[in-house]
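# Fold the following.
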Amino acid sequence: SFVLMLLLGMAIAAQLPVVVMLLGWIGMVTPEFLRKNRRYALFLTAVAAAVITPTGDPFSLLLLWVPLYGLYELGLILLVLAPAHAVAEGRVISRIWRRSGSDKSGNRASKSTRTSQMNRPVARGSSSEDEANRRTDAEEGDE
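Below is the predicted model:
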């Protein structure tokens with residue numbers, strides 16, 4: 001019974017990153033808000049863990065509280081890496097790739113190299129939409 005209740009609590013708690021991302025996507029929270037209010041999240045996850053745990057001992061509370069807070073942080077990281085506009089445009093992977101600073105061969109490139117690669121002239125046959133996307137990517141990279 002104890003193990004089953006703890007697993008049920010963890011299954012419910014595993015939805016926390018999804019909830020954080022959905023709240024961010026609809027504009028109810030921002031990554032800055034979530035970062036600023038980490039202490040409240042820590043407290044609320046402790047309260048949630050105390051309610052969800054089937055027994056009152058501190059070990060089972062910690063067994064649920066630590067992963068629950070980790071899932072909150074995971075939701076925050078995912079919200080930063082996959083904001084709603086990037087998901088809608090299908091550019092999440094390119095944002096993550098650009099943040100890592102890797103070029104196509106897997107080597108780390110300096111910011112000046114990445115910037116010069118983004119600002120190079122458009123090849124013949126490229127559409128103006130491709131050029132606009134490159135400019136938008138370069139502007140987002142400068143932020």
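# which secondary element of this protein has the worst mean pLDDT?
helix 111-118 (a mean of 49; mean pLDDT, DSSP states H and E).
# Can you mark which positions in stretch 53-65 are buried?
53, 60-61, 63-65 (16 or more other Cβ atoms under 10 Å). To be clear about C-beta, it is placed using only N, CA and C from the backbone, and glycine gets the same treatment.
# cool, stretch 80-98 as well?
In terms of neighbour count (16+ other Cβ under 10 Å), stretch 80-98 has its buried residues at 80, 82-83, 86, 91, 95, 98.
# For the buried residues of stretch 53-65, name the two members farthest from one another.
Ser60 and Trp65 (9.4 Å; Cβ to Cβ).
# For the longest helix seen in the chain, the averaged confidence score.
Scanning the chain for the helix with the most residues, using DSSP state H, yields helix 58-81. In this model, helix 58-81 has an average pLDDT of 90.
# got a list of contacts for it?
When contacts are defined by Cβ atoms under 8 Å, 6 or more residues apart in numbering, helix 58-81 is touched by residues 2, 6, 9-10, 13-14, 16-21, 24-25, 31, 34-35, 41-42, 45-46, 48-50, 52-54, 92, 95-96, 99.
# For PyMOL, what selects the buried ones among the residues you listed?
Buried residues within the contacts of helix 58-81, by 16+ other Cβ under 10 Å, are selected in PyMOL with:
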select buried, resi 6+9+13+16+17+20+21+24+25+31+34+41+45+46+48+49+52+53+95
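# Give me the subset of the contacts of helix 58-81 that lies in helices.
Short answer: the contacts of helix 58-81 in helices (DSSP H) are 2, 6, 9-10, 13, 16-21, 24-25, 31, 34-35, 41-42, 45-46, 48-50, 52, 92, 95-96, 99.
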